[in-house]
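> let me see the structure of the following:
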Amino acid sequence: MQLPSPRWRLSALGAALGVCVTIGFAVQLLRGPFQRRFPPRPPRPPPCQPHTHLVFLKTHKTGGSSVVNLLHRFGETRGLRFALPHRYQFGYPNTFRAERVKGYSPGGTPFDIICHHMRFNLTEVQKVMPNDSFYFSIVRDPGTLGESAFAYYRAVAPAFRRAPSLAAFLASPERFYQPGARGNHYARNLQWFDFGLPPSASGSAVASALASVERVFALVLLAEHFDESLVLLRDALCWPEDAVAAFAHNGRLAEAAGPRVSPAQAARLRAWNGLDWALYTHLNRSFWRRAEAFGAARLRREVARLRQRRDGLARRCLRGGGPLPARAIADGRLRPFQPPGRAQIAGYALRTGLPPADAERCARLATPELQYKDILDRRQFGAAAGNGSVPPAG
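Model (predicted):
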């Protein structure tokens, strides 16, 4: 067989090189458009880390006890260190001071979570908590909070005790209310008081106080939209969904709560508690701006999942599937404190025959705030801790 001539071989090699150059040139021409159409995938953001340094300002009659339960459970399961009161409150109604925290020493190791009743004082809280702490709280429409406070604090607020009924009180509150009388902070602008804001604020002083709340508190929950609040809280804290599934605590039995306030009574309560109303309306707007940024459809989906999870836990854990009167709860570790007066606080009893792991989990979900505080106290300070006297009203 005759081999190709050298000249032919050189021609073929040249043609091949020409094809390669043509293909390379075409790729260069097309590379730009393809890059513009299919940009490189951006790197995935790193996963967020759960917040474990938490300041919760627990306000009165707003649903705060339910939030405290999930904080107790989250902190206990992760071995976090709680800033605990010597008894059950941090010297309330006096303004919070760092020395009210059990085990506090100036310059000592900061705590991880503080969540029990106080009258807020930022400077003193900062002595106890790390600089990166997440501050949050909860508020409620004074149009309904006022009725709850009247029922719960009737025995300790002179203004309420002197009035024969809520209707009589609202008809002429000045007749019963004496500023400065011990216990009367429960009778007017209770939330404003708990936030440690100036008691006689008006005009620009109110605006300044509201701005200070916004600067300090990264999130303020709404009692009327509790489930939406828990979803936004979970997102802000980068917590797992199970961490915010909680039963309602320190609530009244439906049959003992009495009739709801009328629209006219709600309007009078808002007018009487004008500073609370200013605080609530301001924080309500902030809350819904945050919800809008989160996404309405996403919020609805996560609320539905939260409710399904909570309902499943109730069926799994609770005798009767829900709250019971205190007299029906034989286990003193689960029986809620009953304040003096007419308010009847509901609690939970566990189903019998639960496997040990479920029994432990269910018990923590059902444990009232005061008993849970004692559990944490004993864990941090030993077996003799946690027997402080129960306050007359919390």
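> so where do the helices sit in the stretch 201-350 of the chain?
204-216, 226-237, 263-272, 274-294, 296-317 (DSSP state H, counting those that start in this stretch).
> low-confidence ranges, the stretch 251-394 of the chain, go.
254-259, 341-342, 384-394 (pLDDT under 70).
> which one of the helices of the stretch 201-350 of the chain lies nearest to residue 91?
For the helices of the stretch 201-350 of the chain, proximity to residue 91 was assessed by Cβ to Cβ; helix 204-216 is nearest, at 20.2 Å. Heads up, the C-betas are built off the backbone N, CA and C, glycines and all.
> ranges for the strands of the chain?
Ranges of strands within the chain are 54-57, 113-114, 134-139, 219-222, 324-325, 346-347, based on DSSP state E.
> now do the contacts for residue 287.
Residue 287 makes contacts with 220-222, 225, 229, 232, as judged by Cβ atoms under 8 Å, 6 or more residues apart in numbering.
> could the helices of the stretch 201-350 of the chain be laid out in CSV, adding distance to residue 49?
Below are the helices of the stretch 201-350 of the chain laid out as CSV (distance: least, Cβ to Cβ, whole Å):
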stretch, distance to residue 49
helix 204-216, 22
helix 226-237, 10
helix 263-272, 41
helix 274-294, 19
helix 296-317, 20
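> return the most buried member of the ones you listed.
helix 226-237 (a mean of 21; mean count of other Cβ atoms under 10 Å).
> got the angle between that one and strand 134-139?
170 degrees (axes from the mean of the first three to the mean of the last three Cα atoms, to 10 degrees).
> got the angle for helix 226-237 vs helix 274-294?
Using the same axes, to 10 degrees: helix 226-237 against helix 274-294 is 60 degrees.
> and the residue most central in space within the chain, how far from residue 223?
With distances taken as Cα atoms, centre = their mean, the residue of the chain nearest its centroid is residue 67 (4.9 Å). Here the distance between residue 67 and residue 223 works out to 10 Å (Cβ to Cβ, to the nearest Å).
> what touches both of the two?
Taking Cβ under 8 Å, 6+ apart as the contact rule, residue 67 and residue 223 both touch residue 138.
> circling back: isn't the residue nearest to the centre of the chain right up against residue 58?
Yes: assessed by Cβ atoms under 8 Å, residue 67 is found in contact with residue 58 at 7.2 Å.
> quick check: neighbours shared by those two?
What both residue 67 and residue 58 touch, as defined by Cβ under 8 Å, 6+ apart, is the set 115, 138.
> out of the helices of the stretch 201-350 of the chain, the one nearest residue 252 is which?
Among those, the nearest to residue 252 by Cβ to Cβ is helix 226-237 (15.5 Å).
> tabulate the contacts of residue 287 (TSV), appending distance to residue 264.
Below are the contacts of residue 287 laid out as TSV (distance: Cβ to Cβ, whole Å):
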residue	distance to residue 264
220	28
221	28
222	23
225	24
229	28
232	32
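> contacts only, for the residue lying closest to residue 63 once chain neighbours are set aside.
Spatial nearest neighbour of residue 63, chain neighbours left out: residue 223 (4.5 Å); criterion: Cβ to Cβ, 6 or more residues apart in numbering. Residues near residue 223 by Cβ under 8 Å, 6+ apart: 62-63, 138-141, 145.
> now which of these would you call buried?
For these, a burial check counting by 16 or more other Cβ atoms under 10 Å picks out 62-63, 138-141, 145.
> any chance of a markdown table for those residues, columns pLDDT and distance to residue 246?
Shown next, in a markdown table, are those (pLDDT from 0 to 100; distance: Cβ to Cβ, whole Å):
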| residue | pLDDT | distance to residue 246 |
| --- | --- | --- |
| 62 | 97 | 15 |
| 63 | 96 | 10 |
| 138 | 98 | 13 |
| 139 | 98 | 18 |
| 140 | 98 | 17 |
| 141 | 98 | 21 |
| 145 | 97 | 20 |
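> with distance to residue 126 as extra columns, can I get the residues you listed in CSV?
CSV is the format used below for those (distance: Cβ to Cβ, whole Å):
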residue, distance to residue 126
62, 24
63, 26
138, 21
139, 22
140, 26
141, 30
145, 28
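> closest one to residue 87 among the helices of the stretch 201-350 of the chain?
Taking the helices of the stretch 201-350 of the chain one by one with Cβ to Cβ, helix 204-216 is closest: 26.0 Å.
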